[in-house]
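Visitor: got a sequence here, can you model it:
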Amino acid sequence: FERLAGFRERIPNILLQMLLRGANGVGYKNYPDNVVRAFVHEAAEGGIDLFRVFDCLNWVENMRLAMDAILEEGKICEAAICYTGDLTNPESRYDIAYYVAMAKELEAAGAHIIAIKDMGGLCKPEAARRLIYALKQEVGVPLHFHTHDTSGISAASVLGAVEAGCDAIDAAMDSWSGLTSQPNLGSIVEALRGSERDSGLDREAIRQVNAYWEEARRAYGAFESDMRAGASSVFEHGMPGGQYTNLREQARALGLEKHWPEVEKAYAQVNQLFGDIVKVTPTSKVVGDMALMMVSSGLTAEDIVNPDKDVNFPASVIELFRGELGQPWGGFPEALQQKILKGAQPVTERMGKILPLADLVAEREEAEKNARRQISDPEFASYLMYPQVFSEYARHRRSYSDTSILPTPVYFYGPEPDVEFDLELEPGKTLVVSFRAISEPDEEGQRTVFFELNGQPRTVRVVDRSLAASGIVHRKADDGDPGQVGAPMPGLIIGVSVKAGQKVERGDQLFLIESMKMETAIYAEVPGTIEEVVIEPGHRVDTHDLIVVIEPESA
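Guide: As a prediction, the model looks like this:
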């Protein structure tokens, strides 16, 4: 919200757009209706002009509340259809009729613009031409085409959409384009120059803007993906561009870097097992969670559907099949849904109708308690979406003040010795800082940092956290003993559902582990009595670390 205010102040006459996940707001779950409305109101007040709203399962019912809230704020509502499948394949379940029907439904719901959101870069040039042409015949609002360049051919898809009459397209500045980003703006502009669809954008202005971003990108070199070329495998697994690099990092953190082709294959298998669903945040994350679990646990597609094979499904998978994210077109595969839910009844209507409205007064009190101060309306809107993240942000601000004034390289990598940098606290008030040296650690693990502030020598003592390794080694579970339940992957124990002396049945939940944003519930494989809870919530564990010991029932 602070960045939004800065943009609005400096470019008051430029249209500002944001992406809104419908009932998911900007988070990963369905929120109460009044939370979604409150967030839309705050974003509109902060300066957003155009909201691109979508649903992770293309369920229009889940989009209506957000669309209505946008229209009530007097803002532009761009309703997005998430592209999936392959229109050039006659056997694809997502055909022209599917997209036309959804577009008409969105137009009737009040959409000012309809977007085709091709998050996986799956829309081939011929598919883009067919789709845009068909929609232009059936709806009367402007069409906007958005795609990612994961496959390496998405610029051709953009040109196909333009040829069919598309009104607006998305592209990225040259230096940030390609791969899982959008196709190249400068090249698309040049391809259209002199044609009937000439964009009119100034060549030299594009070069100047691109030169700035090319330099800015260097500051983020440490965070670059190791992806070096387009990947035609996207047409098999359909991973969204925004997830592709994230999932590779998750796989690396789980020690599966060398098994990436297996993760891609498992992702495609999970998609089919789940009924060939739309894959975009947060459904794409659910498919990724399941794929990582399959590879890390050595599970096959046959294991997943086998009713006699116990599977500790990630919490996100259970939530999806319970209907908490909405309803997919054609419904969930019934047999798999029954296995995942273990007899529990799924939700079949919009979650907003079921979830009680949030007590915003109590929520605000809790947010201010965590922040230890009064918070602004934009901060409260942030808390409603991400309570834990906002609380961590408030703690960071409390400890270090506003670190956003640090130059990007200094923030990420630390200052270079004897290289001055400026800190602008406010207009007209700038500090000049120069790092000089750092001492060896003392007996308390602290180092003295020597620096100059506006030319005056200063020192400060800081704890060297790299010296603070705990050295804790956890007991390992015996894989041959079903009563010893270990961690299936490295992660954080975020919940333990049992205590010593408690009786459990086969299939009862024992604990919850979080790893790279994936929550996985672990269940008892044998009935018995809890003999010991070895590791409590809040502790990080490695694969096979012993968490719970069960004394099995006598045969």
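Visitor: contacting residues for Asp149?
Guide: Asp149 is in contact with 121, 155, 177-184, 230, 241, counting by CB atoms under 8 Å, 6 or more residues apart in numbering. In short, each C-beta sits where N, CA and C put it, glycine included.
Visitor: closest one of those residues to Ala191?
Guide: Within these, the smallest distance to Ala191 is 7.6 Å, found for Ala155 (CB to CB).
Visitor: confirm for me that that closest one is in contact with Gln182.
Guide: No: Ala155 is not in contact with Gln182 according to CB atoms under 8 Å; the separation is 9.3 Å.
Visitor: more crowded one of these two?
Guide: Gln182 (24 against 21; other CB atoms under 10 Å).
Visitor: nearest residue to the more buried one other than its sequence neighbours?
Guide: Ala172 (4.0 Å; CB to CB, 6 or more residues apart in numbering).
Visitor: just list whatever residues bridge to that neighbour.
Guide: For Ala172, the beta-bridge partners are Asn184 (DSSP bridges).
Visitor: any idea of the pLDDT on it?
Guide: At Ala172, the pLDDT value in this model is 97.
Visitor: could you tell me how many residues sit around it?
Guide: Counted with other CB under 10 Å, Ala172 comes out at 18.
Visitor: ok, now how distant is Pro333 from Val286?
Guide: 14 Å (CB to CB, to the nearest Å).
Visitor: and those two? which has more neighbours close in?
Guide: A direct count of neighbours by other CB under 10 Å for Pro333 and Val286 places Val286 higher, at 26 against 18.
Visitor: check which residues of whichever strand or helix holds Lys353 are buried.
Guide: Taking DSSP states H and E as the criterion, Lys353 maps to helix 351-354. By 16 or more other CB atoms under 10 Å, the buried positions in helix 351-354 come out as 351-352.
Visitor: what's the following helix or strand after that helix?
Guide: Sequence-wise, the next helix or strand downstream of helix 351-354 (DSSP H and E) is helix 360-371.
Visitor: pLDDT value on the closest residue in space to Asn34 that isn't next to it in sequence, please?
Guide: Computed as CB to CB, 6+ apart, the closest residue to Asn34 that is not its neighbour in sequence is Leu357, at 4.7 Å. pLDDT, Leu357: 96.
Visitor: could you do the one 5 residues further on as well?
Guide: On pLDDT, Ala362 comes in at 97.
Visitor: now do the contacts for it.
Guide: Taking CB under 8 Å, 6+ apart as the definition, Ala362 has no contacts.
Visitor: and it, how far from Leu143?
Guide: 43 Å.
Visitor: and for Ala103?
Guide: In terms of CB to CB, Ala103 sits 9 Å off from Leu143.
Visitor: so what sits against both of these two?
Guide: 114, 135.
Visitor: tell me what the helix or strand where Ala291 lies is packed against?
Guide: Following DSSP H and E, one finds Ala291 within helix 283-297. Here helix 283-297 touches helix 241-253, helix 260-273, helix 301-305, helix 315-321, strand 518-523, going by 3 or more CB pairs under 8 Å, 6 or more residues apart in numbering; DSSP states H and E.
Visitor: do you know which of those lies nearest Gly85?
Guide: Per CB to CB, nearest to Gly85 of the helices and strands packed on helix 283-297: helix 260-273, 10.6 Å.
Visitor: just want the angle from that closest one to helix 283-297.
Guide: Per axes from the mean of the first three to the mean of the last three CA atoms, to 10 degrees, the angle that helix 260-273 makes with helix 283-297 is 120 degrees.
Visitor: just the CA coordinates for stretch 24-37, please, in PDB.
Guide: The C-alpha trace of stretch 24-37 is given here as PDB (Å, rounded to 0.1, in the frame of the first residue of the first chain):
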ATOM      1  CA  ASN A  24      -9.200 -15.700  -2.500                       C
ATOM      2  CA  GLY A  25      -8.400 -11.900  -2.300                       C
ATOM      3  CA  VAL A  26      -4.700 -11.800  -2.700                       C
ATOM      4  CA  GLY A  27      -4.200 -14.800  -0.500                       C
ATOM      5  CA  TYR A  28      -4.400 -18.600  -0.800                       C
ATOM      6  CA  LYS A  29      -7.800 -19.400   0.700                       C
ATOM      7  CA  ASN A  30     -11.400 -18.200   0.600                       C
ATOM      8  CA  TYR A  31     -12.000 -15.300   2.900                       C
ATOM      9  CA  PRO A  32     -15.300 -14.200   4.500                       C
ATOM     10  CA  ASP A  33     -17.300 -11.900   2.200                       C
ATOM     11  CA  ASN A  34     -16.700  -8.700   4.300                       C
ATOM     12  CA  VAL A  35     -13.000  -9.300   4.300                       C
ATOM     13  CA  VAL A  36     -12.900  -9.400   0.500                       C
ATOM     14  CA  ARG A  37     -15.100  -6.200   0.300                       C
END
